[in-house]
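Engineer: coordinates only, no sequence provided:
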């Protein structure tokens, strides 16, 4: 299916032909194609912008990820320890444990900036912390967020002109370029549900 650019990273667990697998899926700077193995079942946890892995800089995950070693149906290995493999109903419990053990970190500066705040740091410091946490520059995070929001609105049959006005694009060609780069669809395809399967959301999102 078409994989939409994402400003976030996540944990993904799947089983194919009886073989459990686990990975860290990094943020994606542009649209791409995501393989969907036949007969595989997936559980995913997507983390809010500003949340990062203690042991892995965000820049190391950008447009890629990590295959986690030695998973089984009960546990997986991350940051030097084994953790219970989550199902759809117990993902939050896993996240709570990862936070308590310090495996997950959250940079409050990133969250403050995304809320519109102006922390007392230099622009260079802010960009450095954005990239360490997210793998992306601040501007790229905002562009991806806006393109994903546009895709959702168009899927709800909002017109392109209304999306331009609502989300602050310069004009419809500007919107079209953003959709092509970050979503891999035209406005018409999104409105009509055309172009095949598309991954706008993966698994369960958490603000941790």
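Structural biologist: Looks like it came in fine. Please read all numbers here as calculations on a predicted model, not as lab measurements. Numbering: from 1, shown residues only.

Engineer: helices or strands next to the longest helix seen in the chain in the packing?
Structural biologist: If you go by DSSP state H, the chain has its longest helix at helix 138-155. Applying 3 or more Cβ pairs under 8 Å, 6 or more residues apart in numbering; DSSP states H and E, one finds that helix 138-155 makes contact with helix 123-134, helix 160-167, helix 172-182, helix 187-192. All C-beta spots, glycine's among them, are computed from the backbone N, C-alpha and C.

Engineer: lowest mean pLDDT across those helices, which one is that?
Structural biologist: Among the helices and strands packed on helix 138-155, helix 123-134 has the lowest mean pLDDT, at a mean of 88.

Engineer: and that one, what's buried?
Structural biologist: Of all the residues in helix 123-134, those buried under the rule 16 or more other Cβ atoms under 10 Å are 126, 129, 130, 131, 133, 134.

Engineer: check contacts around residue 93.
Structural biologist: residue 86 (Cβ atoms under 8 Å, 6 or more residues apart in numbering).

Engineer: in what helix or strand does it lie?
Structural biologist: In the assignment (DSSP states H and E), residue 93 maps to helix 91-100.

Engineer: need the next SSE after that helix, C-terminal direction.
Structural biologist: Sequence-wise, the next helix or strand downstream of helix 91-100 (DSSP H and E) is strand 104-106.

Engineer: which of the helices and strands packed on helix 138-155 sits closest to residue 65?
Structural biologist: helix 123-134 (14.1 Å; Cβ to Cβ).

Engineer: which strands and helices lie in contact with the closest one?
Structural biologist: Packed next to helix 123-134, using 3+ Cβ pairs under 8 Å, 6+ apart, are strand 51-53, helix 58-61, helix 108-114, helix 138-155.

Engineer: take those and lay them out in a markdown table including mean pLDDT.
Structural biologist: A markdown table is the format used below for these (pLDDT from 0 to 100):
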| stretch | mean pLDDT |
| --- | --- |
| strand 51-53 | 93 |
| helix 58-61 | 91 |
| helix 108-114 | 85 |
| helix 138-155 | 93 |
